[in-house]
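Peer 1: got a sequence here, can you model it:
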Amino acid sequence: MKKIQFIVDSKGKRQAVIVPYKYFQELWELAEDAIDLQLIEEVKDEPLLDWEEVKMELKTTGVID
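Peer 2: Numbers count the residues shown, from 1 in each chain. A predicted model of the protein is given here:
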């Protein structure tokens with residue numbers, strides 16, 4: 001990949017990186033996808049909830065009208 005730049009400290013140790021915005025967007029989307037997959041994995045064995053019961057509970061607790 002071209003146009004990647006590193007910011008280094010006085011000892012030459014990399015401290016930051018500058019990447020093209022398009023590449024950053026792609027990395028961000030991949031990170032979001034990885035987080036979503038992790039969350040799905042965490043709840044995949046949870047019992048399913050009935051939507052009507054959830055709505056009733058939200059109404060009862062005043063979360064929705």
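Peer 1: show me where the chain has its helices.
Peer 2: Secondary structure of the chain (DSSP state H): helices at 21-43, 51-60.
Peer 1: now tabulate these in TSV and tack on mean neighbour count and distance to Phe6.
Peer 2: In short, each C-beta sits where N, CA and C put it, glycine included. TSV is the format used below for the helices of the chain (neighbours: other C-beta atoms under 10 Å; distance: least, C-beta to C-beta, whole Å):
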stretch	mean neighbour count	distance to Phe6
helix 21-43	10	14
helix 51-60	10	49
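Peer 1: adding distance to Arg14, write those out as CSV.
Peer 2: Below are these laid out as CSV (distance: least, C-beta to C-beta, whole Å):
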stretch, distance to Arg14
helix 21-43, 17
helix 51-60, 48
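Peer 1: of all those helices, which one is nearest Lys13?
Peer 2: helix 21-43 (22.0 Å; C-beta to C-beta).
Peer 1: returning to what we had before: with mean pLDDT added, can I get the helices of the chain in JSON lines?
Peer 2: Converted to JSON lines, those look like this (pLDDT from 0 to 100):
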{"stretch": "helix 21-43", "mean pLDDT": "97"}
{"stretch": "helix 51-60", "mean pLDDT": "95"}
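Peer 1: so which of the ones you listed comes closest to Asp9?
Peer 2: Using C-beta to C-beta as the measure, helix 21-43 is the one of the helices of the chain that comes nearest Asp9, at 22.3 Å.
Peer 1: pull the distance from the closest one to the chain's centre.
Peer 2: 5 Å (C-alpha atoms, centre = their mean, to the nearest Å).
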